[in-house]
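In: Have a look; sequence and predicted model below, questions after that.
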Amino acid sequence: MIAGADLRAEGVWFSYPGREPALRGVDVEIGAGQFVALVGQNGSGKTTLAKHFNGLLRPGRGRILVDGQEIAERQTADLASTIGYCYQNPDHQIFATTVAEEIEFGPRNLGVSAEEVVARTGRLLDLVNLRDEAERYPFSLGRGQRQKLAVASVLAMEPRILIVDEPTTGLDWQGGAAMMRLMRELHASGRTIVIITHDMNIVAEFAERAIVMAGGRIVVDGTPAGVFSDDDALREADLRVPQAFQITRRRPDLFDGQPLTVDEARRALLSRSTVAAGDLS
Amino acid sequence: MTQSFRLYEPGSSFLYRLDPRVKLIGVFAIFFLSILFTDPRFLAPVFLGVLGLIVAGHVPMRRVALMLRSLAILVAIALILWPLIYQKGPVITTILGFKITEGGLFYGGGMAFRILDMVVAPIALFLTTTQPDFIAGLRRLGLPYKASFALATALRFLPTIVGVGQSIVEAQRSRGLDPSRGSPLRRMKSYARILGPLMITSIRIAQQLVLAVEAKAFSINRPRTFYRELRFDTHDYVALSVIGLICCVALAVRVLGYGVL
C-alpha cells in the first residue's frame, strides 16, 4: 500500500503573462486517498490549477500546500517523488529508445538503486500490459499504449498523488476503459488520484468527488450525484450530466438512490420486483 | 499558454505607411552600406541615420532598446577581439603582449557598428510591418511562392513549437529531470531528452501540415493572384529615390577610395 497525501490550495490566483486571470481565488482541499475529478470546459482553469500542485506553475497570490507543507521553496523535480503528473499528450514526455528505459528514467533521476529500478520496471510493465513490448521503440506503440507508458513512467517514481490530465482523450472506448481501470487499481492501492476531464460519464463512473470549474473559479464541489443535481452550477460551467442520470433523476419512483450510470440504473431496475429480470438482460 | 512572437507594434507613422517592398529594399540598402564600408566614421552615421528614422517614425523605443541591450555582448566582443587580431598602422599600446594598433581599434569600432546597422534595420522593419505584409513584400520582390509559403509557415508555427517545447520541459520536470541543474555534460544530456520528443512532435506537425495543404491544392500549377494588393504611393517613390540616391553616392565615395581602412 502506498499512503496518499493531501493537497491544499488557499486563495490561489494566477495569470498567464498578459492575459486575464486564469485562476481567481481557488480554495480547495483534496484529502489523502480521494479519487477526484477536476471538471470544466476548455479554459476553465482545471489544468492551470493542477499544474500548481507540483509547482509547474506558481500562484500569483495565495499558496499551495502538500501534506501541510507549503511548496513555494520546492522545485518540481523534487516534488516528483510525491506528486506524479501525467500530461495530456504522452508524446510530450516520451524520449527513450525502449519502453523499459522510458519507465526507468524517473526513478533513476531520483537516485533509486539499480535493483529497485529493475524491480519497479518489471512490476509496471505487468501493470500496464506492456511486458511484451519492453524492448520496443516507444513511438512505434499505439496511442493507447503510449498513454499507458506515460502513466507507468510517472508511477515508477512511486508518487503518493497521481494527477492525470485527460486520461482518456484520443483513446478509443477500449483504450479509455483500460486506462480508467488502471486509475481505479491505483486508487485502490491507496493513492490520491486527481483526473482532469470533461467526460461526465467518467466522472459518474469513477470519481468519488467532482470539482467543477468555470472562469477560473470552483463553482461546485461534491459527490458526483450532488454535483449533477446542481443545475445552476452546471449551467454556469456549461456541462451536461450523463443521460442515464437525466433519466433516473426524472423518475425517482423507478430508480432507488439516483443511479449515475447506465449500469447502475440497470441494476436499480432489476432490484425492483415490479420489473422482470428477463426484460432488461 | 503559448507566447506571442509578434514583433509588430501597431502605429501610424510614415514608416508604417510605406509599402513593405520599399522597407525591404531599404533594409537591403542598409546591408549594402554596412558591407561597403569598414570605417566606423562611415558606419556610425549609417547607424545614427537608422536610429533617426526609428525615432522620427515613432517605432516603440522600449522594444528597440531591449534588442540593443541583447546585442551588447556581440558589440563588446567585436570591440575587444578585432583590435587584438587586426593590426595596422601605429602601435598605441601593448596589453598582455598583444600590440594594439590604431587601425585595429578603428576596425573593431567599424565591425561593432556593422553589427548594429545590420541588426537594428531589420528590427525596425519587423516592428513596423505586419507578418502578412512582410511576406507579401518579399513575394512581390520575386521570392518564389513556395519559398514565401515556407517562410510564412515557419513564422506561424514558431509559437506552436515553442509551446510544445515548454510542455515537454514541464513533463520532464514532472519526472524529476531538471535541465538547469548539474554539470554541463549532464545538462547537455538533459536537453537531449527534450529535443527528442520535440523533433518527433515537430515532424508529426509538419507531416500533417503537408497533407492538409496538399488537400487544399497547394501544388497546383497556375499563376497565383494576390489577395493583398500592394500599391506604390507618391511617398513610396520618394523614399525609393532617396534610398537609390544614398546608395549611388555611397558607391561613388567607396570607388573613390574612401570609407575603408
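Out: Now that the structure is in, tell me what you want to look at.
In: Do a quick rundown of the strands in the stretch 101-250 of chain A.
Out: Ranges of strands within the stretch 101-250 of chain A are A:161-165, A:192-197, A:209-214, A:217-222, based on DSSP state E, counting those that start in this stretch.
In: Then chain B?
Out: Remark: strands assigned in chain B by DSSP state E are B:91-95, B:98-101.
In: quick one: buried residues of the shortest one?
Out: Along strand B:98-101, the positions that meet the burial threshold by neighbour count (16 or more other CB atoms under 10 Å in any protein chain shown) are B:Ile100, B:Thr101. Bear in mind the C-beta positions are built from the backbone N, C-alpha and C, glycine included.
In: so for that strand, what's the average pLDDT?
Out: In this model, strand B:98-101 has an average pLDDT of 84.
In: now the helices: where do they sit in the stretch 1-150 of chain B?
Out: Secondary structure of the stretch 1-150 of chain B (DSSP state H, counting those that start in this stretch): helices located at B:14-17, B:20-36, B:40-56, B:61-85, B:102-128, B:131-140, B:145-173.
In: got those helices as JSON lines, with mean neighbour count columns?
Out: JSON lines is the format used below for the helices of the stretch 1-150 of chain B (neighbours: other CB atoms under 10 Å in any protein chain shown):
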{"stretch": "helix B:14-17", "mean neighbour count": "16"}
{"stretch": "helix B:20-36", "mean neighbour count": "20"}
{"stretch": "helix B:40-56", "mean neighbour count": "17"}
{"stretch": "helix B:61-85", "mean neighbour count": "14"}
{"stretch": "helix B:102-128", "mean neighbour count": "21"}
{"stretch": "helix B:131-140", "mean neighbour count": "19"}
{"stretch": "helix B:145-173", "mean neighbour count": "17"}
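In: any chance of the ones you listed in TSV, plus distance to chain A?
Out: Rendered in TSV, the data for the helices of the stretch 1-150 of chain B read as follows (distance: least, CB to the nearest CB, whole Å):
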stretch	distance to chain A
helix B:14-17	23
helix B:20-36	27
helix B:40-56	24
helix B:61-85	15
helix B:102-128	18
helix B:131-140	19
helix B:145-173	4
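In: mind checking which of these is nearest A:Tyr85?
Out: Among the helices of the stretch 1-150 of chain B, the nearest to A:Tyr85 by CB to CB is helix B:145-173 (7.8 Å).
In: gap between the closest one and the chain center?
Out: With CA atoms, centre = their mean, to the nearest Å as the basis, the distance from the averaged C-alpha position of helix B:145-173 to the chain average is 18 Å.
In: Kindly report the same for stretch A:189-196.
Out: Using CA atoms, centre = their mean, the mean C-alpha position of stretch A:189-196 is found 6 Å from that of the whole chain.
In: What residues of that stretch count as buried?
Out: Within stretch A:189-196, the residues scored as buried using 16+ other CB under 10 Å are A:Arg191, A:Thr192, A:Ile193, A:Val194, A:Ile195, A:Ile196.
In: so the last one touches A:Glu166, yeah?
Out: Yes: between A:Ile196 and A:Glu166 there is a contact at 5.9 Å, judged by CB atoms under 8 Å.
In: what touches both of these two?
Out: A:Gln88 (CB atoms under 8 Å, 6 or more residues apart in numbering or on different chains).
In: Phi first, then psi, for B:Ser219.
Out: When read as degrees, to the nearest 10, the backbone of B:Ser219 gives phi -90, psi 20.
In: and it, what does it touch?
Out: B:Ser219 sits next to no residue when contact means CB under 8 Å, 6+ apart.
In: pLDDT below threshold where in the chain?
Out: Went with chain A since none was named. A:1-5, A:273-281 (pLDDT under 70).
In: right idea, wrong chain: chain B
Out: Applying pLDDT under 70 to chain B flags residues B:1-5.
In: will you turn the strands of the stretch 101-250 of chain A into a markdown table that also has distance to chain B?
Out: Output for these, formatted as a markdown table (distance: least, CB to the nearest CB, whole Å):
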| stretch | distance to chain B |
| --- | --- |
| strand A:161-165 | 9 |
| strand A:192-197 | 13 |
| strand A:209-214 | 16 |
| strand A:217-222 | 19 |
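In: With distance to B:Phe113 added, can I get the ones you listed in JSON lines?
Out: Formatted as JSON lines, the entries for those read as follows, by distance: least, CB to CB, whole Å:
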{"stretch": "strand A:161-165", "distance to B:Phe113": "51"}
{"stretch": "strand A:192-197", "distance to B:Phe113": "54"}
{"stretch": "strand A:209-214", "distance to B:Phe113": "55"}
{"stretch": "strand A:217-222", "distance to B:Phe113": "55"}
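In: which helices and strands does the one helix or strand A:His52 maps to pack with?
Out: Using DSSP states H and E, A:His52 sits in helix A:46-53. Based on contacts counted as 3 or more CB pairs under 8 Å, 6 or more residues apart in numbering or on different chains; DSSP states H and E, the elements that helix A:46-53 packs against are strand A:7-15, strand A:21-30, strand A:35-39, strand A:61-66, strand A:83-86, strand A:161-165, strand A:192-197.
In: does the second one come close to chain B?
Out: No: under the criterion of CB under 8 Å from any CB of the partner chain, chain B is not reached by strand A:21-30; the shortest gap measures 9.1 Å.
In: Also the shortest one?
Out: Yes: contact between strand A:83-86 and chain B, assessed by CB under 8 Å from any CB, occurs at A:Gly84, A:Tyr85, A:Cys86.
In: Without its sequence neighbours, what residue ends up closest to the last one?
Out: The spatial neighbour of A:Cys86 that comes closest, neighbours along the chain excluded (CB to CB, 6 or more residues apart in numbering or on different chains), is A:Val164 at 4.4 Å.
In: do the second one as well
Out: Beyond its immediate neighbours in the sequence, the residue positioned closest to A:Tyr85 (CB to CB, 6+ apart) is B:Ser174, lying 4.1 Å away.
In: List the residues that contact the nearest residue to B:Ile200 once chain neighbours are set aside.
Out: Leaving out its chain neighbours, the residue that sits closest to B:Ile200 by CB to CB, 6+ apart is A:Phe139, at 6.0 Å. When contacts are counted by CB under 8 Å, 6+ apart, A:Phe139 touches A:Asp91, A:Ile94, A:Arg146, B:Ile200.
In: Of these - the most surrounded one?
Out: Neighbour tally across these (other CB atoms under 10 Å in any protein chain shown): the maximum, 25 neighbours, falls on A:Ile94.
In: Kindly tell me how buried the nearest residue to it once chain neighbours are set aside is, as a neighbour count.
Out: For A:Ile94, the nearest residue in space outside its immediate sequence neighbours is A:Pro138; the separation is 4.7 Å by CB to CB, 6+ apart. Around A:Pro138 sit 27 other residues, with neighbours defined as other CB under 10 Å.
In: Correct me if wrong: A:Pro138 contacts A:Ala150.
Out: No: under the criterion of CB under 8 Å, A:Pro138 lies out of contact with A:Ala150, with a separation of 9.2 Å.
In: any shared contact partners between the two?
Out: A:Ile94.
In: tell me what the top helix by length along chain B is packed against?
Out: Using DSSP state H to assign secondary structure, the helix with the most residues in chain B is helix B:184-215. When contacts are defined as 3+ CB pairs under 8 Å, 6+ apart, helix B:184-215 packs onto helix B:145-173.
In: what number of residues lie near A:Glu20?
Out: 9.
In: Next, find the distance separating it from B:Val253.
Out: Relative to B:Val253, A:Glu20 is positioned 56 Å away (CB to CB, to the nearest Å).
In: Check B:Tyr8 too.
Out: From B:Tyr8 over to B:Val253 the distance is 35 Å, taken as CB to CB.
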